[in-house]
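> Structure, please.
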Amino acid sequence: MAEPYPFLKGHGTENDFVLLPDHDGTVHGALSPERVVALCDRRAGIGGDGVLRVVRTAALGIDQDAEWFMDYRNSDGSLSEMCGNGIRVFARHLADEGLVDLSVPLPVGTRDGVKVLRFDDDGTITADMGRPRVLGESKIAVDARTWPAAHVDMGNPHAVAFVDSLDDAGRLFDEPSYDAATYPHGVNIEFVARRGERHVAFRVHERGSGETRSCGTGACAVMVAAAVADGVAQPPADDVTYRVDVPGGTLAVTWTATDRALLAGPAVIVARGTTTL
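Coordinates of the predicted model:
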């Protein structure tokens with residue numbers, strides 16, 4: 001049996017994660033896909049949409065201007081460049097443990113470069129998700145229905161389709177069809193319905209995880225696609241904010257005049273313990 005090691009469980013708008021505190025890189029070494037799958041199993045494991053290993057960049061020998069690195073894996077064990085809800089939960093853990101100064105911006109290393117987070121007075125955390133890239137249009141399909149989709153890159157790829165009803169996405173047990181030539185490494189697929197002025201809602205099928213209750217990079221991609229469809233310039237002349245509803249709650253996304261996507265939302269730690277999984 002493996003030696004017991006610590007874990008935490010947290011979520012951001014019900015996009016949930018297993019966190020592995022490995023601050024000095026001495027607990028886990030190379031995190032195997034098999035261990036990630038076991039931890040994320042919702043019946044035989046702890047359950048989660050992914051695993052966040054919390055480690056110092058120095059322990060990994062990574063050349064990034066940030067003390068901390070978010071080593072993120074999807075629930076199937078595959079690597080992911082970035083996770084917007086996950087990085088807020090990651091920051092919440094560091095804050096709860098007194099490992100960071102809440103009065104100054106927090107840089108966190110990721111596979112998509114360094115992201116900077118801010119702890120807001122109302123308890124939310126805002127993450128600068130970087131520059132969105134609108135790369136044209138593709139298509140996605142569910143059963144016999146096909147929709148055009150905006151191709152938006154937020155460090156990871158997204159296909160954003162506008163639908164009449166979120167029910168149009170079906171049960172999302174299976175991955176929707178997409179253009180493999182456009183997305184050779186897979187894609188996160190968002191189905192978006194308008195709710196009002198600068199107010200949208202979406203469901204998402206995340207590559208490597210299936211349908212999730214929320215997706216932070218997806219919320220940014222959805223907001224940008226909606227803003228472009230609404231005639232907003234790229235980048236906007238002034239900061240533009242949209243309310244973005246997900247099955248797990250509500251996020252706010254601001255596309256700034258300096259061409260940055262800012263994601264604001266809650267992040268909570270709900271459990272901690274040890275495991276031998």
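> Pull the number of nearby residues for residue 44.
Other residues near residue 44 come to 9 when the count uses other Cβ atoms under 10 Å. In short, each C-beta sits where N, CA and C put it, glycine included.
> Name the helix or strand for residue 219, please.
According to DSSP states H and E, residue 219 maps onto helix 216-229.
> Could you pull up the residues touching the residue nearest the centre of the chain?
Closest residue to the average C-alpha location of the chain: residue 83 at 2.8 Å, with Cα atoms, centre = their mean. Contact analysis of residue 83 by Cβ atoms under 8 Å, 6 or more residues apart in numbering lists 15, 17, 50, 52, 70, 72, 216-217.
> how many other residues sit next to residue 197?
8.
> For it, give its distance to residue 189.
25 Å (Cβ to Cβ, to the nearest Å).
> Would you confirm that residue 223 contacts residue 200?
Yes - counting by Cβ atoms under 8 Å, residue 223 does reach residue 200; the two are 7.3 Å apart.
> who's more crowded, the two?
residue 223 (31 against 24).
> Leaving out sequence neighbours, find the closest residue to that one.
Spatially, and ignoring its direct neighbours in sequence, residue 223 is nearest to residue 253 (3.8 Å; Cβ to Cβ, 6 or more residues apart in numbering).
> partner strands of the host helix or strand of that neighbour, parallel or antiparallel?
Using DSSP H and E, residue 253 sits within strand 249-255. Partner strands and pairing direction for strand 249-255 (DSSP bridges) are strand 240-246 (antiparallel), strand 261-265 (antiparallel).
> Of all the ones you listed, which one is nearest residue 129?
strand 261-265 (4.4 Å; Cβ to Cβ).
> Residues touching the closest one, excluding its own?
Outside strand 261-265, the residues touching it (Cβ under 8 Å, 6+ apart) are 12-13, 84-85, 88, 120, 124-132, 154, 216, 219-220, 223-224, 249-256.
> do you know how far the closest residue to residue 270 other than its chain neighbours is from residue 20?
Spatial nearest neighbour of residue 270, chain neighbours left out: residue 9 (5.4 Å); criterion: Cβ to Cβ, 6+ apart. According to Cβ to Cβ, residue 9 stands 11 Å off from residue 20.
> Counting neighbours, go ahead and name the busier of the two.
residue 20 (23 against 19).
> partners of that one in the sheet?
Applying DSSP bridges, one finds that residue 20 bridges with residue 53.
> residues near residue 93, how many?
For residue 93, using other Cβ under 10 Å, the count is 21.
> ok, and the closest non-adjacent residue to it?
Using Cβ to Cβ, 6+ apart and skipping the chain neighbours, the partner closest in space to residue 93 is residue 19 (5.7 Å).
> cool, residue 238 as well?
residue 257 (5.6 Å).
> mind checking which helix or strand residue 37 is in?
In the assignment (DSSP H and E), residue 37 maps to helix 33-40.
> whoops, residue 138 was the one
Using DSSP H and E, residue 138 sits in strand 133-142.
> Whichever helix or strand comes after that strand versus strand 133-142: what angle between them?
Next along the chain after strand 133-142, taking DSSP H and E as the criterion, comes strand 145-153. In terms of direction (axes from the mean of the first three to the mean of the last three Cα atoms, to 10 degrees), strand 145-153 departs from strand 133-142 by 160 degrees.
> and the angle for strand 145-153 with helix 216-229?
Using the same axes, to 10 degrees, strand 145-153 lies at 100 degrees relative to helix 216-229.
> Give the helix, strand or coil label for residue 171.
coil (DSSP: H, G, I helix; E, B strand; the rest coil).
> burial count for residue 120?
Residues near residue 120, counting by other Cβ under 10 Å: 11.
> Can you tell me, leaving aside adjacent residues, what's nearest to residue 276?
residue 2 (4.6 Å).
> Need phi/psi at residue 105.
When read as degrees, to the nearest 10, the backbone of residue 105 gives phi -60, psi 150.
> Residue 87 too?
Dihedral angles for residue 87 - degrees, to the nearest 10 - are phi -70, psi -30.
> so it makes contact with residue 155?
No - with contact defined as Cβ under 8 Å, residue 87 does not count as touching residue 155 (10.8 Å).
> so what's in contact with the two at the same time?
Shared contacts of residue 87 and residue 155 (Cβ under 8 Å, 6+ apart): residue 110.
> Neighbour count: these two, which is higher?
residue 87 (27 against 23).
> Which pLDDT value belongs to the closest residue to residue 112 other than its chain neighbours?
Here the nearest residue to residue 112 in space, its sequence neighbours aside, is residue 155; by Cβ to Cβ, 6+ apart that works out to 3.3 Å. Residue 155 carries a pLDDT value of 91.
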